[in-house]
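> Got a predicted structure plus its sequence, pasted below:
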Amino acid sequence: MLKNKDLLGIRELSKNEILYIIDNAKKYYHNNKITTKKKVLNNFTQINLFFENSTRTQVSFEIAGTLLGASVVNFPINNSSQSKGETLIDLAATLNSMTPDILVIRHPNSGAVQLISEKVICPVINAGDGNHEHPTQALLDILTIKKRIGRIEDLNIAICGDITHSRVARSNIFCHRKLGNKIRVIGPKTLIPKDIDKLGVQVFYNMVDGLRNIDVVMVLRLQKERMDGGYFSSEREYFHLYGLDDRKMKYAKASAIIMHPGPMNRGVEIDGDLADNIDKSVITMQVEAGLAIRMSVLELLLKKKIDNV
Ligand code: CP
């Protein structure tokens, strides 16, 4: 059982809960296809509210709910009364009155998903809020590592690039700390929060030193939509210093894998050919794992209700 009503962040999960979600997700893999015959969410209603653009997360939550038998409603933010000035709290009260079984929410502001979760009876899943957390991304990253490397402990992890604006970095740091892995963050000083070491990570400002002896290289997108000024001189220089390419990758372990949460900026944070090199890159595996993890999370958050039907 998961102890909380909602999944708002990895920070609130115990190590056992993380392992429970990962283990449950594995049952949805059938001959390399993610599917299930058990429609455990039959007669359940899932509402997806994405206040910020998404491809992977929104579509996989929609497919996950549908595969499990739920009626999935994609809330049309742009055509909704949000444009008439309705507050988040009023929106939450309105949705609550429609008695959905679960809400999946992405919002550009950190804390907005928690605010809604406090106003509704049903479970809420954080599909990414500001630069705070993106819990299902970290969980799908762990499942991908498990499937590719065969273990999720005793690993050296490097998270590279725009750490400051990244909810993916924060959720992965919390997750790997709970699993006991060693974590390094690598990037320019301007894109690494000053007090990040308080989260138990080592900080490197150059890729050559940071990548030595690394098992998993996570590359992050430069999140320009969250930047309010100049954080680097040019994309060309950024790629030269911090973009992952074959030359820099040689410093990691020969067996090291490359991850990227997407969407990717080829030639900015990662070389396009390296991203497509399936001997090293597990980026498409991450997308596949996203579906299994989201099915797992939907099922486990609604487990009590499923068991009582
Ligand atoms: N990784 C991720 O959250 O991708 P989307 O923004 O496409 O959902």
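Looks like it arrived, so ask away.
> residues in the stretch 201-309 of the chain within reach of the ligand, list them.
By C-beta under 6 Å from any ligand atom, the residues of the stretch 201-309 of the chain that approach the ligand are P261, G262, P263. For every residue, glycine as well, the C-beta is placed using N, CA and C.
> Could you tell me which of the residues you listed count as buried?
Buried residues within these, counting neighbours by 16 or more other C-beta atoms under 10 Å: P261, G262.
> Just put the residues of the stretch 201-309 of the chain next to the ligand in TSV and tack on pLDDT and secondary structure.
Compiled in TSV, these are given as follows (pLDDT from 0 to 100; DSSP: H, G, I helix; E, B strand; the rest coil):
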residue	pLDDT	secondary structure
P261	98	coil
G262	97	coil
P263	97	coil
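> which one among the residues of the stretch 201-309 of the chain next to the ligand gets closest to N79?
Closest to N79 out of these is P263 (24.5 Å), distances taken as C-beta to C-beta.
> For the ligand, what's its nearest residue on the stretch 201-309 of the chain.
Taking C-beta to the nearest ligand atom, the ligand has its nearest neighbour within the stretch 201-309 of the chain at P261, 3.8 Å off.
> ok, that residue - contacts?
Neighbour list for P261: R56, H134, Q137, D141, V168, M218, L220, R221, Q286 [criterion: C-beta atoms under 8 Å, 6 or more residues apart in numbering].
> Apply 7 Å and report the result again.
Counting by C-beta atoms under 7 Å, 6 or more residues apart in numbering, P261 touches Q137, V168.
> Can you give me the separation between it and V203?
21 Å (C-beta to C-beta, to the nearest Å).
> next one: G210
9 Å.
> Compare the two (neighbour count), which wins?
Legend: neighbour count by other C-beta atoms under 10 Å for G210 and V203, higher for G210 (23 against 16).
> Let me see the confidence value for the more buried one.
Residue-level confidence at G210 comes out at 98, pLDDT.
> next SSE after the helix or strand that contains it?
In this assignment (DSSP states H and E), G210 forms part of helix 207-211. Using DSSP H and E, the helix or strand that follows helix 207-211 in sequence is strand 216-219.
> After that next one, heading C-terminal, what element do we hit next?
helix 235-242.
> The next helix or strand after that following helix - contacts with which helices or strands?
Next along the chain after helix 235-242, taking DSSP H and E as the criterion, comes helix 246-249. With contacts taken as 3 or more C-beta pairs under 7 Å, 6 or more residues apart in numbering; DSSP states H and E, helix 246-249 sits against helix 207-211.
> And the helix it packs on, what does it pack against?
Using 3+ C-beta pairs under 7 Å, 6+ apart: helix 207-211 touches strand 156-160, strand 182-186, helix 246-249.
> Tell me which of those sits most buried.
Comparing the helices and strands packed on helix 207-211 by mean neighbour count (mean count of other C-beta atoms under 10 Å), strand 156-160 ranks first with a mean of 25.
> Following the chain onward from that one, which element is next?
Next along from strand 156-160, by DSSP H and E: helix 167-178.
> chain center to that next one: distance?
9 Å (C-alpha atoms, centre = their mean, to the nearest Å).
> who's in contact with it?
9-11, 15, 18, 128-135, 137-138, 141-142, 157, 159, 163, 183, 185, 199-201, 218, 220, 261.
> Next step: those residues restricted to strands.
Of the contacts of helix 167-178, the ones assigned to strands by DSSP state E are G128, D129, I157, I159, I183, V185, M218.
> now the strands: where do they sit in the stretch 1-150 of the chain?
Using DSSP state E, counting those that start in this stretch, the strands of the stretch 1-150 of the chain run over residues 29-30, 33-34, 45-50, 71-74, 102-107, 124-129.
> Just tell me which of those ends up closest to the ligand.
strand 124-129 (5.6 Å).
> any idea of the mean pLDDT for stretch 128-144?
Mean predicted lDDT for stretch 128-144 stands at 98.
> What distance do you get for G200 to D228?
28 Å.
> ok, those two, which is more surrounded?
Per other C-beta under 10 Å, whichever of G200 and D228 has more neighbours is G200, with 12 against 5.
> ok, the more buried one - contacts?
R177.
> let's go with 10 Å and repeat that
I173, F174, H176, R177, K182, I183 (C-beta atoms under 10 Å, 6 or more residues apart in numbering).
> Determine the number of other residues adjacent to the second one.
The one in question is F174. F174 has 22 nearby residues by other C-beta under 10 Å.
> could I have the helix or strand hosting G290 exported to PDB, CA atoms only?
Element membership for G290, per DSSP H and E: helix 283-301. Taking Å, rounded to 0.1, in the frame of the first residue of the first chain, the C-alpha atoms of helix 283-301 are listed here in PDB:
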ATOM      1  CA  ILE A 283      15.900   7.200 -24.300                       C
ATOM      2  CA  THR A 284      13.200   5.200 -26.100                       C
ATOM      3  CA  MET A 285      13.200   2.600 -23.200                       C
ATOM      4  CA  GLN A 286      12.400   5.500 -20.800                       C
ATOM      5  CA  VAL A 287       9.300   6.400 -22.800                       C
ATOM      6  CA  GLU A 288       8.100   2.800 -22.800                       C
ATOM      7  CA  ALA A 289       8.800   2.500 -19.000                       C
ATOM      8  CA  GLY A 290       6.700   5.700 -18.600                       C
ATOM      9  CA  LEU A 291       3.600   3.900 -19.600                       C
ATOM     10  CA  ALA A 292       4.200   0.900 -17.300                       C
ATOM     11  CA  ILE A 293       5.000   3.300 -14.300                       C
ATOM     12  CA  ARG A 294       1.900   5.400 -14.900                       C
ATOM     13  CA  MET A 295      -0.300   2.300 -15.000                       C
ATOM     14  CA  SER A 296       1.400   1.100 -11.800                       C
ATOM     15  CA  VAL A 297       0.900   4.500 -10.000                       C
ATOM     16  CA  LEU A 298      -2.800   4.800 -11.100                       C
ATOM     17  CA  GLU A 299      -3.500   1.200  -9.900                       C
ATOM     18  CA  LEU A 300      -1.700   1.600  -6.600                       C
ATOM     19  CA  LEU A 301      -3.200   4.900  -5.600                       C
END
